[in-house]
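Undergrad: Structure, please.
(chains A and B)
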Amino acid sequence: MTDTILKLDGVVKEFAGFRAVGGPGGLSFGVRRGGFLGLIGPNGAGKSTTFNLISGVMPPTMGRVTLDGTDISALPTAGIAALGLGRTFQTPRAFGSLSVIDNVMVGLAHPEESPLAALLGRWKSAEKQLIGRAEAALERVGLIQRRHDSVSNLSGGELRMLEVARQLVREPRILLLDEPTAGVDPALQGKLSEILAGLHAAGTTLVVVEHNLGFLMSLADSVVVLQNGALLAEGTPDDIRRDPAVIAAYLGADHEA
Amino acid sequence: MIQSLILSTLMFGAMFSVLTVSLNLQYARGGMINFGTVAYFAAGAYAYAIFTQEPPSGLDQYAFGFDLPWWVGFLAAGLAAMLFALVTGWPTLRLRGEYLALTTFAFAEVFHSILLNERRIGNGSVGMANVERPDPASIGLDDTLGYTLAACALMLLTAWLFHRLLASPYGRLVDATRDDEIAAESVGKDTARVRLQIFVISAIPIGFAGALYAMITTLVAPALFTAEVTFFVWIALALGGERTIPGAILGTLALVFFQELVRAIPFETVRGAQIAASAEEVITGILFILVLRWQPWDRLSRKAGS
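TA: Sure, this is the predicted structure:
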C-alpha cells in the first residue's frame, strides 16, 4: 500500500448548476507522500479550481478531501494551511503595500503577531530570529537583492518567485504550485527547477499545475490529466506521453513524445 | 476672542481627531468602511452618563443611574463601545466594501432610533442633562483649558498606541489582510479574526471620546448623535489624507477650526447667522471637492520625498 498524503474522493464543484470539477462520478485521485505530481490538462479543465477545492479557497459541492487522514473539505483556507499545506496562485498574489521581505515575513508563523505584543513592544527579538529565515528564502528564489523594494516594482515572474518564497519559509509538508513557470524567464526557470528538485529530495510533497511540459515531465514522478473537470488519465510521465486519449485531448496529434 | 477660538478648535478638534485616527485604523489600514462611527461614539457617551448619573427621580424616565465616580464612567464608555463593536462587527465583517458601509450605517440608525424611542435608556429625545464631570478647578485649571488638555491627551495617547500597534508584526499582518485576504489565509492567517480585532480595537478610543464629549457638553441626547457626526469625521479624514495618523489629525483640526471660525463671527441679526451657517456648509463642500480634486497632501509629500 502506498502512503497517500492527499486524497480526493468523489469531489465535485458546481457553479450555478455547471459542473466545473468532478465529471459524472466526481474527481478522485491521491498524491503519494513525498511524491511529485504533475496536474495537466487543457485550459478550462478545472486544474486551478481543483487547487482551490484542496486549499479551501472554495468548498466542494460534494465529495471529500483528506490531508493525512484528516477531512479538510469543510475547513477554512487558514486552517488547511496551518495543517502544513502551501499553495501559490495562477495569478500571483502579493501584499501590495508591503516590501518584498515583509511579503515573505507574513508567511511565517510569528509567535508575537498579536495586538498585545505590538503594544507592549515585545516582538523585536522574535522578529530578529525570523528575518534570517525570510532572507534565506529570498536568497533561494534570487530576490535577496530586492528585499527592501516595494512589490509594485517587481515583474510578473519575480512576483511568482516571491510567492514561492512566502511558501518556502513555512516549510509546508505539501506544496501546490499553479503554473510556476508562466512568465518566468529561462534563467529563473532553472532556479525554480532546482528549488523544486531540492524540496522533492527533502521529502516535501509537490503538486504542480503546468503547461510547460518539458519543465514538468523532467521533475514529476506521476501525472494526472484532467479534461472537462474529470480524470482523463493517470500514470507516470512516460505512460502519459504515450496515452492516445491524452494526445488527442491535450498534447495534440503532432506531439513529439 | 482669538484665544477662545484656538481653545475651542483644539478641544473639539482633538476630541474628533480621536474619531478620525480610529477611523484611519479601520479604513486605511484595516480596509473596512464604517459609516456607523457615531454609534460607537454615542455608546461611549451614554455609558458614561448612565454610570455617573444619579438614580432617576421625579420626571426622569431613564431606568438606570449608578452615580459612580467619573473614571468608572469613563472606563465603562470604552467598554461599551468595545462591546458594541464586537456585537455589530461579528455578524457583519464578512461583508465587503459598500455592503459593510451600508450595514454599519443601518446599525447606527437603528441605535439612534432606539435611543430616541426607548426612554428607559436615556430619557428618549430629552436626553440626560447635567451630566456629572470632574472639575478641572481641583487641579487649578479653568473648565475650557482643562477639557482641552484632556482632549489633547486622549488624542495623543490614541495616536501613539495606534502607531505602536501598527509598527509591528501585527501591523504587517493587518496590512497583508487588507491587501489580499486569500493570500494571507493561504499562509495560515485567520483574517476574519484580524478584521474583527481591528474593528473592536479602533472602537475603544471612540467610546472614550464619547465620554469626553458628554463631559464637555454635559448633555447626552439623540440629537447630538446623528449621522452628521459620522460624515463629519469622514470628511475630516478625506481632507487630511487617509494614510497617516498626523494627516488624520491635521484634517480634523482644519475642519473644526473652519467651523469654529464661522461660529465665532458676531452677527447682528438672526438672519445673518442663518446665512453664515448655510455658507459654512457650502464652503465645507467646496473645500472638500477642491481637496479631492487637487490632492494637495499627495503633492506635498511627493515634494518632501524628492
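Undergrad: can you give me the strands in the chain?
TA: By default, I'm working from chain A. For chain A, the strands defined by DSSP state E occupy A:4-15, A:18-21, A:27-32, A:36-40, A:62-67, A:70-71, A:85-87, A:174-178, A:205-209, A:222-227, A:230-235.
Undergrad: right idea, wrong chain: chain B
TA: Counting by DSSP E, chain B has strands at residues B:128-129, B:219-220.
Undergrad: Out of the ones you listed, which gets nearest to chain A?
TA: Set against chain A and scored by CB to the nearest CB, the strands of chain B come closest in strand B:219-220, at 29.6 Å. No exception for glycine: its C-beta is placed from N, CA and C like everyone else's.
Undergrad: How far off centre is that closest one?
TA: From the chain centre to the centre of strand B:219-220 is a distance of 16 Å (CA atoms, centre = their mean, to the nearest Å).
Undergrad: Just checking: what are the partner strands of it?
TA: Partners of strand B:219-220 in the sheet, by DSSP bridges, are strand B:128-129 (antiparallel).
Undergrad: which other residues reach the strand it pairs with?
TA: Here strand B:128-129 makes contact (CB atoms under 8 Å, 6 or more residues apart in numbering or on different chains) with B:Tyr46, B:Ala49, B:Ile50, B:Gln53, B:Tyr62, B:Gly122, B:Thr218, B:Leu219, B:Val220, B:Ala221.
Undergrad: now swap in stretch B:115-126 and tell me
TA: Residues outside stretch B:115-126 that contact it (CB under 8 Å, 6+ apart): B:42, B:46, B:49-50, B:60-64, B:114, B:128, B:220-223, B:225.
Undergrad: Just the buried ones from those?
TA: Using 16 or more other CB atoms under 10 Å in any protein chain shown as the burial test, these include B:Ala42, B:Tyr46, B:Ala49, B:Ile50, B:Tyr62, B:Met128, B:Val220, B:Ala221, B:Pro222, B:Phe225 as buried.
Undergrad: out of these, which one sits closest to chain A?
TA: Once CB to the nearest CB is applied, the member of the buried ones among the contacts of stretch B:115-126 that ends up nearest chain A is B:Ala42, at 24.8 Å.
Undergrad: show me what contacts that closest one?
TA: Counting by CB under 8 Å, 6+ apart, the residues that B:Ala42 touches are B:Phe111, B:His112, B:Leu115, B:Gly210, B:Val220, B:Pro222, B:Leu224, B:Phe225.
Undergrad: Serialize those to TSV and add fields for pLDDT.
TA: Listed next are the contacts of B:Ala42 as TSV, based on pLDDT from 0 to 100:
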residue	pLDDT
B:Phe111	95
B:His112	95
B:Leu115	94
B:Gly210	97
B:Val220	95
B:Pro222	95
B:Leu224	94
B:Phe225	95
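Undergrad: Can you give me the buried ones in stretch B:5-13?
TA: Here stretch B:5-13 shows B:Leu7, B:Ser8, B:Thr9, B:Leu10, B:Met11, B:Phe12, B:Gly13 as buried, counting by 16+ other CB under 10 Å.
Undergrad: same deal with stretch A:87-95?
TA: Residues of stretch A:87-95 classed as buried under the neighbour-count rule (16+ other CB under 10 Å) are A:Arg87, A:Thr88, A:Phe89, A:Gln90, A:Pro92, A:Arg93, A:Ala94, A:Phe95.
Undergrad: From what I see, the fourth one and A:Asp178 are in contact.
TA: Yes. A:Gln90 is within contact range of A:Asp178, at 4.4 Å (criterion: CB atoms under 8 Å).
Undergrad: can you map out the helices along the chain?
TA: Looking at chain A here, since you left the chain open. Here chain A has its helices, by DSSP state H, at A:47-55, A:77-82, A:100-105, A:115-120, A:124-141, A:156-168, A:186-201, A:213-219, A:237-242, A:244-246.
Undergrad: my bad, chain B
TA: In chain B, the helices defined using DSSP H lie at B:2-24, B:37-52, B:70-92, B:97-117, B:119-122, B:143-166, B:169-179, B:181-185, B:191-217, B:227-240, B:245-264, B:270-294, B:296-305.
Undergrad: Check these for me and report the most buried one.
TA: helix B:37-52 (a mean of 29; mean count of other CB atoms under 10 Å in any protein chain shown).
Undergrad: average model confidence for that helix?
TA: Taken as a whole, helix B:37-52 has a mean pLDDT of 96.
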